[in-house]
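Novice: give the three-dimensional model of this entry:
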Amino acid sequence: MSQEVTGRTRTFTAGAAIPQYSRVKLSSGKLAVADGADGAITIGTTTRETFADGDEVAVLLRNAQGTHQFIASEAIAVGDACYTVDDGEVEKSAAATTLVGIALTASSADQGLVLRFT
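Specialist: Residues are numbered from 1 along each chain as shown. Okay, the predicted model is just below:
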């Protein structure tokens, strides 16, 4: 039987500790942090941190309406295009893999948060 998700989030089981706002994918049926090359298979971003394999966490689905928060791997200015990179993060470098959106807020340093539009 198939499942339909009508909300912005869905709960998944984490396969390891995952930081809040990380881009995630499914690996062997559990959440894993997405790398830069995983842009097309990223399912969304975690809404809170997980601490261990087996933790349950809601994921803001990639196609959900509204803005999404991401972890920035570098300083990003408002209006910069944001691309996927390793460790579930985004950066402004066009050399990165997949465009995820345009920054609506600035990030001043590594590990800062940035909003993007969908």
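Novice: I'd say L31 and V57 touch.
Specialist: Yes: under the contact definition of CB atoms under 8 Å, L31 touches V57, with a separation of 6.9 Å. Every C-beta, even on glycine, is put in place using the N, C-alpha and C of the backbone.
Novice: higher neighbour count, these two?
Specialist: Taking other CB atoms under 10 Å, L31 and V57 do not tie; L31 has more neighbours (25 against 20).
Novice: ok so, going back, common neighbours of L31 and V57, please.
Specialist: Taking CB atoms under 8 Å, 6 or more residues apart in numbering as the contact definition, L31 and V57 share the neighbouring residues F12, A14, I18, T46, T50.
Novice: tally of neighbours for the third one?
Specialist: The local packing of I18 (other CB under 10 Å) involves 24 other residues.
Novice: excluding its backbone neighbours, what's nearest it?
Specialist: T50 (4.6 Å; CB to CB, 6 or more residues apart in numbering).
Novice: hmm, that neighbour is touching A17, no?
Specialist: Yes: taking contact to mean CB under 8 Å, the distance of 5.8 Å between T50 and A17 places them in contact.
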